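> below are the sequence and a predicted model for it; my questions follow.
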Amino acid sequence: MPRPDIAGQTILITEAARGIGAASAKALARRGARLSLVGLEPELLQAVAAECGPEAVWFEADVRDAGALEQAVEGTVERFGGVDVAVANAGIVAALLVAYSDLASMERVLEVDLIGAIRTLKLCLPHVTASRGYLLPVASVAAVAHPPMIAAYSAAKAGLEAFANAMRIEVKHTAVDVGVAYFSWIDTEMVRGGDERSDFAFMRSGLRGPFARTHPVSKAADAIVRGIERRSRWVAHPAWVKAAIVLRGVMPFVGGAQIEARMVELSRLSAEEAERLGERAAAPVGAGGEAALRSPAHR
């Protein structure tokens, strides 16, 4: 059920303080959407909301805190009368080989990227059902092609894709559509934070051609706007990512082949980073990850 006119639709976005979430909010505001911005950093959320205009509200909530997240959803409904679209965008990544990671850091990634997204979709579902709307969890090309150093992130995004695919079947008869967003390397603070690490930068340097390129955050935001307009099953950038979705049976092998020969050196660098950084080596990278560590919901 395509709805080409975004104007007037109420769209809730998690992790809207920065990166893809903030860029998407601003792009949607230009199209006349009413926006509910949910995240961890109140000053940034307030600034994004101000830039989006009077039809934007913000709520400080951690997707790990079901109570706070429910309050954000209910606050959105109270302000705008419902929810038409939910973009489950919150995510963190800890960039380290499994051998040098700790269980707590990997569990934290799963809690935010998978369980937090599921919480968002579940809490928004009754309202999106009432509006016959659209749910868009943000996964990653890592859901279908799994590079080293981000194993927990890849597992979370693959799980989120599977959850969305099952949910799509469950709600189709209610006229609710469910998409999944898949992006490659996007120029966010999360990716830049990873690149500051010698081991992560070395891993990325082993990629070739389109697999290595970093893309402006505006491209991801534009893809999300188009996806909402078309209520797309797949929302992707760059173009080769859709081929990766279709060819997922060979993508893990192809991606790994570019890095496999470099694993001895990558393991050495990762061990050095783990020793140099101590507990910080397994912490989520980028400013958004630091905000997740400061959150009261962090354990």
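That came through, no problem. Numbers count the residues shown, from 1 in each chain.

> quick one: the strands in this protein, in order.
Using DSSP state E, the strands of the chain run over 10-14, 34-39, 56-60, 85-88, 134-137, 177-178, 180-183, 234-237.

> output those as JSON lines; include the columns distance to residue 246 and mean pLDDT.
The C-beta positions use only the backbone N, C-alpha and C, and glycine is treated the same way. As requested, the strands of the chain are exported to JSON lines (distance: least, CB to CB, whole Å; pLDDT from 0 to 100):
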{"stretch": "strand 10-14", "distance to residue 246": "28", "mean pLDDT": "99"}
{"stretch": "strand 34-39", "distance to residue 246": "32", "mean pLDDT": "99"}
{"stretch": "strand 56-60", "distance to residue 246": "36", "mean pLDDT": "99"}
{"stretch": "strand 85-88", "distance to residue 246": "23", "mean pLDDT": "99"}
{"stretch": "strand 134-137", "distance to residue 246": "19", "mean pLDDT": "99"}
{"stretch": "strand 177-178", "distance to residue 246": "19", "mean pLDDT": "98"}
{"stretch": "strand 180-183", "distance to residue 246": "11", "mean pLDDT": "98"}
{"stretch": "strand 234-237", "distance to residue 246": "9", "mean pLDDT": "97"}
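
> nearest to residue 274, out of those?
Nearest of those to residue 274, taken as CB to CB: strand 180-183 at 27.7 Å.

> for the closest one, packing partners?
The contact analysis (3 or more CB pairs under 8 Å, 6 or more residues apart in numbering; DSSP states H and E) places strand 180-183 against strand 134-137, helix 151-171, helix 217-230, strand 234-237, helix 240-246.

> which stretch in these has the least confidence?
The weakest mean pLDDT among the helices and strands packed on strand 180-183 belongs to helix 240-246, with a mean of 91.

> next, the buried residues of it.
By 16 or more other CB atoms under 10 Å, the buried positions in helix 240-246 come out as 241, 244-245.

> got TSV for the strands of the chain, with mean neighbour count too?
Output for these, formatted as TSV (neighbours: other CB atoms under 10 Å):
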stretch	mean neighbour count
strand 10-14	29
strand 34-39	28
strand 56-60	22
strand 85-88	29
strand 134-137	26
strand 177-178	23
strand 180-183	25
strand 234-237	21
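
> so which of those is nearest residue 120?
Nearest to residue 120, of all the strands of the chain, is strand 85-88, at 4.1 Å by CB to CB.

> any chance you could list what contacts that closest one?
Strand 85-88 is contacted by residues 9-14, 21, 24, 63, 116-117, 120-121, 124, 128, 133-138, 160, 224, 228 when judged by CB atoms under 8 Å, 6 or more residues apart in numbering.

> from the chain's centroid, how far away is that strand?
Here strand 85-88 is found 11 Å from its chain centre; the criterion is CA atoms, centre = their mean, to the nearest Å.

> export it to PDB, keeping only CA atoms.
What follows is strand 85-88, C-alpha atoms only, in PDB (Å, rounded to 0.1, in the frame of the first residue of the first chain):
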ATOM      1  CA  VAL A  85       6.100   4.700  10.800                       C
ATOM      2  CA  ALA A  86       8.800   3.400  13.300                       C
ATOM      3  CA  VAL A  87      12.400   3.400  12.300                       C
ATOM      4  CA  ALA A  88      14.300   1.100  14.700                       C
END
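
> strand partners (parallel or antiparallel) of it?
strand 10-14 (parallel), strand 134-137 (parallel) (DSSP bridges).

> what lies in contact with the last one?
When you say that, I think you mean strand 134-137. Residues outside strand 134-137 that contact it (CB under 8 Å, 6+ apart): 3, 84-88, 117, 120-121, 124-125, 128, 160-161, 163-164, 167, 176-181, 224, 227-228, 231, 235.

> for residue 51, which of the helices and strands packed on strand 180-183 is the nearest?
Between residue 51 and the helices and strands packed on strand 180-183, the tightest spacing by CB to CB is seen for helix 217-230, at 13.3 Å.

> okay, that closest one in PDB with CA atoms only?
Only the C-alpha atoms of helix 217-230 are listed here, as PDB (Å, rounded to 0.1, in the frame of the first residue of the first chain):
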ATOM      1  CA  VAL A 217      25.400   9.700   5.800                       C
ATOM      2  CA  SER A 218      23.000  11.700   3.500                       C
ATOM      3  CA  LYS A 219      22.800   8.700   1.200                       C
ATOM      4  CA  ALA A 220      21.500   6.500   3.900                       C
ATOM      5  CA  ALA A 221      19.000   9.100   4.900                       C
ATOM      6  CA  ASP A 222      17.800   9.500   1.300                       C
ATOM      7  CA  ALA A 223      17.400   5.700   1.100                       C
ATOM      8  CA  ILE A 224      15.300   5.700   4.300                       C
ATOM      9  CA  VAL A 225      13.100   8.400   2.900                       C
ATOM     10  CA  ARG A 226      12.500   6.500  -0.300                       C
ATOM     11  CA  GLY A 227      11.900   3.300   1.600                       C
ATOM     12  CA  ILE A 228       9.200   5.000   3.700                       C
ATOM     13  CA  GLU A 229       7.600   6.500   0.600                       C
ATOM     14  CA  ARG A 230       7.500   3.100  -1.100                       C
END
